[in-house]
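Trainee: I would like to see how this sequence folds:
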Amino acid sequence: MQTGVRRYRDEGWWQDDRLTDDVRRHARDAGSRTAVVDGERRYTYGELWSEARRVAAVLGAAGVQTGDVISTQLPNGWECVVVHLAAELAGAIHNPLAIQFREHEIDQVTNLLDSKLVVNAGVYRDTDYAAIHAGTTGGRRRLTVEDLFAATPDGPLPEASPHAPGDAAFILNTSGTVAIKGVAHTHEEAQYSSRTVAEMMRFGRNDTMLCAIPMSWGGGLCWGVRYSLHAGACLISMERWDPEVAADLLDREGGTFVYGPPTLARDLVDLADEWRPANPLRMICAGAPIPRQMCVDARERLGLDLVPGYGQTEHLHSALGRLEDPIELLTSTDGRALPGVELVAVDEAGSVCAAGETGELMCRGPNVSLGYWNQPDLTSETYRADGWQMTRDAGWFDDGGSLHVVGRLRDLIIRGGLNVSPREVEELLLRHPDVADVAVVGEPDERYGERICAFVVPKGAHAPDVDELAAALAEAGVARYKHPERVVAIDALPLTNTGKVRHAALREQLAAEHAASPMPGDAGP
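Mentor: Presented below is the predicted three-dimensional model:
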C-alpha cells in the first residue's frame, strides 16, 4: 500500500530500474569481473547474465507467465542467485522459502501465494526435499533445482524483464501472531534501498561481500545478493556460518564487507588473537545492539568497522549509522533515518513522541513494501492509507535524531507500572566481565505483574548471580527497578536463522515453569 508514488519518483528516490538491468549493464561493461564465488564455482558477470537468461527461458517453457509466483527452497549458493535473476527476467515474482520448512509450512506459503512453480533442493544434507515437496498439496508443478538447470530452453532468451519498476519483484515470508505472511517488495523500492545504503556505506564494484546468512530471508537476499549485484561487486556465498571458514574466505577472496547480527561480528573478534583480515572490513550489524567493547576490539584489533542498522521484513533499512559516527553513537543507537525515509515514535493516541519518550515506531518512505500478498485484512492492520507502516516495535529518538530501539512492543517489561526496556538492560549487562551474552525477558510476578529475568551465557566457568549483577548495575547508577531479579545460566541463547535472540522462546520457558509450579512474587521495589 505505497503512497507518495509521484513524490518518490519526482525526488529521485525511485528510478526506472530493476536488478536485472544492473546485471545486464555489468555484463556489458565489465563482463569478466567476478560476480559470484561459491566454493569452487565462480561466475563472472557475463556468465551470470547468460545463465540467468537461459534459466528464465526454461521457466517460460515450463509455463511461468508474467505475474506468476515462483517459490524456491534452496540453501545459500550460486543457484539461489541465478534463479532470483531468472525469475525476474521471466516476469515472475520470486518467493524464497526457508530451508528449514517442511510440508506444513510449504503448504501454508505456496497455497497463500498461489505459487505456480515450486523449485526444491533435491537431496541436500541427507534430506530428500523432493520427497517432502511430493507430500504437499495444491497440485502445483514441482521441480528439483538439478532438473531446472539441466533443462534445455525452448525459444528466445529474454533481454529484459517485462515488469514495470512498480511491480512486485519478490515476496519474503514472515511469521506473525496470527499467521504466516508474504511481504511483497517492488523493484523500485528494493532498488532504492540497495542504492541508498551502498552510497552511505561507500560500497561499490571494487568491494567483495561475504553473505553467510540465509538468502531466503531479507538479510541474505536484499543485503547479500541484491546489494552486491546492484553495485557490481563480488558476492561470496557461504552455505552456513563458521567463523574460521569465513576468515579464510575473506582473506582468500579479498573480502571487504559483511552483513549480519552482532553474533557474527563477535565470532570474528574472538579470532583476533590469531587473525587479522587482509583488507579493512565494514559490517552492518542489525537485529541487536553492538556492545561497546566489541566495537572497539573490532576496529582496533581487526580493522573492522561496525555500523548499526534497523529494518524489518516489511520495510528494508529505515535507519543506519554512518561510518564517520563516533563510537558512542555506533554502540548506543540504531542509526538515523535514511534519506527520504520518515521514521517516528508515536504514543497510544497516535501523537508523535517528544525526544526521549518511548512509543511505537512508524515508517513511511520509498523503502516500505506493498503489503501482505493476498492478505488484505492483515495489510490494512499494518499499512495505513496515508503510507505509514506500523512496525509493532518500540523505540525512541534522542535530540540528535538517533534511533534507540527498545524491542518488540510485546517484549517490553512492565514491572509495577514502570516500563523496562529489555534491550537497555542487556546492553548494560554485557559490560560485566563475566557475561558473554545475555537476553532479558519478563517473568510473571504476582505482586508486580512482571519481574526481570536475565538468561546469561557466562564467559568462563563462573556465572554471575543476581547479587553480582545488581552490584554492577548499582555502581553504574542504574535504577533498581531495572535490575534482574532472577538469573538463569545458559550455554547458548536460542536464535532465529538470522541470528536474532528468540525472546519469545525464553518467555515461553518461564511461563511453562510457572504453570507447573506457580511462584509468588518476591521482588523488591
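Trainee: I'd like the next helix or strand past the lowest-mean-pLDDT helix or strand in the chain.
Mentor: In the chain, the helix or strand scored least confidently by mean pLDDT, DSSP states H and E is strand 418-420, which has a mean of 74. Downstream of strand 418-420, the next assigned helix or strand under DSSP states H and E is helix 422-429.
Trainee: who touches the helix or strand following that next one?
Mentor: Per DSSP H and E, helix 422-429 leads on to strand 435-445 as the next helix or strand towards the C-terminus. Identification of contacts with strand 435-445 by C-beta atoms under 8 Å, 6 or more residues apart in numbering yields 263, 411-415, 420, 422-423, 425-426, 429-430, 450-459, 464, 469, 484-486, 492-493, 501, 503, 506-507, 510-511, 514, 521, 523. For glycine as for every other residue, the C-beta is placed from the backbone atoms N, C-alpha and C.
Trainee: which stretches of the chain aren't confidently modelled?
Mentor: Across the chain, the ranges flagged by pLDDT under 70 are 1-3, 175-179, 417-418, 497-498, 517-525.
Trainee: Mind naming the longest helix for it?
Mentor: helix 45-61 (DSSP state H).
Trainee: For that helix, which outside residues touch it?
Mentor: 20, 23-24, 26-27, 30-36, 43, 70, 81-83, 85-90, 92, 117, 148-149, 151-159, 232.
Trainee: which of the contacts of strand 435-445 count as buried?
Mentor: Among the contacts of strand 435-445, those buried by neighbour count (16 or more other C-beta atoms under 10 Å) are 263, 411-413, 415, 420, 422-423, 425-426, 429-430, 450-456, 458, 464, 469, 484-486, 493, 501, 503, 506-507, 510, 521, 523.
Trainee: Filter these down to the ones in strands?
Mentor: 413, 415, 420, 450-456, 458, 486 (DSSP state E).
Trainee: Out of the residues you listed, flag the one nearest to Asp248.
Mentor: Comparing those against Asp248 with C-beta to C-beta picks out Pro458 as the nearest, at 29.0 Å.
Trainee: is that closest one in a bridge, and if so with what?
Mentor: On the basis of DSSP bridges, Pro458 is bridged to Val435.
Trainee: Quick check, it in contact with Ala489.
Mentor: Yes. Applying C-beta atoms under 8 Å as the test, Pro458 and Ala489 come out as touching, 6.1 Å apart.
Trainee: Hmm, Arg480 is touching Ala474, no?
Mentor: Yes. Applying C-beta under 8 Å, one finds Arg480 in contact with Ala474, separated by 7.4 Å.
Trainee: Is the spatially most central residue of the chain within a helix or a strand, and which one?
Mentor: For the chain, the residue sitting closest to the mean C-alpha position, by C-alpha atoms, centre = their mean, is Gly219 at 3.5 Å. Element membership for Gly219 (DSSP H and E) is helix 218-220.
Trainee: sec struct for Trp13, please.
Mentor: Look at Trp13: counting by DSSP: H, G, I helix; E, B strand; the rest coil, its state is coil.
Trainee: I meant Met362, not that one.
Mentor: Assignment for Met362 (three-state DSSP): strand.
Trainee: Can you give me the neighbour number for it?
Mentor: Using other C-beta atoms under 10 Å, Met362 is surrounded by 21 other residues.
Trainee: C-alpha coordinates for stretch 180-190, CSV please?
Mentor: What follows is stretch 180-190, C-alpha atoms only, in CSV (Å, rounded to 0.1, in the frame of the first residue of the first chain):
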residue,chain,number,x,y,z
ILE,A,180,2.5,-16.7,8.2
LYS,A,181,2.6,-13.7,5.9
GLY,A,182,4.1,-12.9,2.5
VAL,A,183,5.6,-9.4,2.3
ALA,A,184,5.7,-8.1,-1.3
HIS,A,185,8.5,-5.8,-2.4
THR,A,186,8.6,-3.8,-5.6
HIS,A,187,11.6,-3.3,-7.9
GLU,A,188,11.8,0.4,-7.3
GLU,A,189,11.5,0.1,-3.6
ALA,A,190,14.2,-2.6,-3.3
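Trainee: List the buried residues for it?
Mentor: Buried residues in stretch 180-190, defined by neighbour count with 16+ other C-beta under 10 Å: 181-190.
Trainee: what's the answer for stretch 295-310, then?
Mentor: 295, 297-299, 302, 304-310.
Trainee: Quote the end-to-end distance of it.
Mentor: Across its full length, stretch 295-310 reaches 17 Å between end residues, using C-alpha to C-alpha, to the nearest Å.
Trainee: Could you do stretch 287-304 as well?
Mentor: 18 Å.
Trainee: do the same with stretch 376-388
Mentor: Per C-alpha to C-alpha, stretch 376-388 runs 16 Å from first to last residue.
Trainee: go on, stretch 114-121?
Mentor: First-to-last distance for stretch 114-121 - C-alpha to C-alpha - comes to 20 Å.
Trainee: Check what contacts that stretch and list those residues.
Mentor: Here stretch 114-121 has contacts from 59, 62-65, 68-75, 83, 92, 95, 99, 106, 109-110, 129-130, 132-133, 136, 138, 140-145, 148, 374, using C-beta under 8 Å, 6+ apart.
Trainee: If any of the residues you listed are buried, give me the ChimeraX selection for them.
Mentor: This is how ChimeraX selects the buried members of those, with burial counted by 16+ other C-beta under 10 Å:
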select :59,62,64,68,69,70,71,72,73,74,75,83,92,95,99,106,109,110,129,130,132,133,136,140,142,143,144,145,148,374
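Trainee: Out of the contacts of stretch 114-121, list just those in helices.
Mentor: Short answer: those in helices (DSSP H) are 59, 83, 106, 109-110, 129-130, 132-133, 145, 148.
Trainee: Would you mind checking which of those residues is nearest to Glu253?
Mentor: Val83 (22.5 Å).
Trainee: List the contacts of the closest one.
Mentor: Contacts of Val83 by C-beta under 8 Å, 6+ apart are 55, 70, 72, 74, 94, 119, 145, 148.
Trainee: Quick check: the residue nearest to the second one when sequence neighbours are not counted vs Ala56, distance?
Mentor: In this case it means Ile70. Take Ile70 and drop its neighbours on the chain: the residue closest to it by C-beta to C-beta, 6 or more residues apart in numbering is Ala92, 4.6 Å away. Per C-beta to C-beta, to the nearest Å, Ala92 is found 9 Å from Ala56.
Trainee: distance of Ser193 from Ala35?
Mentor: 20 Å.
Trainee: Neighbour count for those two, which is higher?
Mentor: Taking other C-beta under 10 Å, Ser193 and Ala35 do not tie; Ser193 has more neighbours (28 against 25).
Trainee: so that one sits in a helix?
Mentor: Yes. With three-state DSSP as the criterion, Ser193 is part of a helix.
Trainee: can I assume it is in contact with Asn367?
Mentor: Yes. Assessed by C-beta under 8 Å, Ser193 is found in contact with Asn367 at 5.2 Å.
Trainee: related to what we said a few turns ago, closest to Gly400 out of the ones in strands among the buried ones among the contacts of strand 435-445?
Mentor: Nearest member of those to Gly400, counting by C-beta to C-beta, is Val420, at 24.0 Å.
Trainee: Distance of that closest one relative to Tyr259?
Mentor: Counting by C-beta to C-beta - Val420 and Tyr259 are separated by 30 Å.
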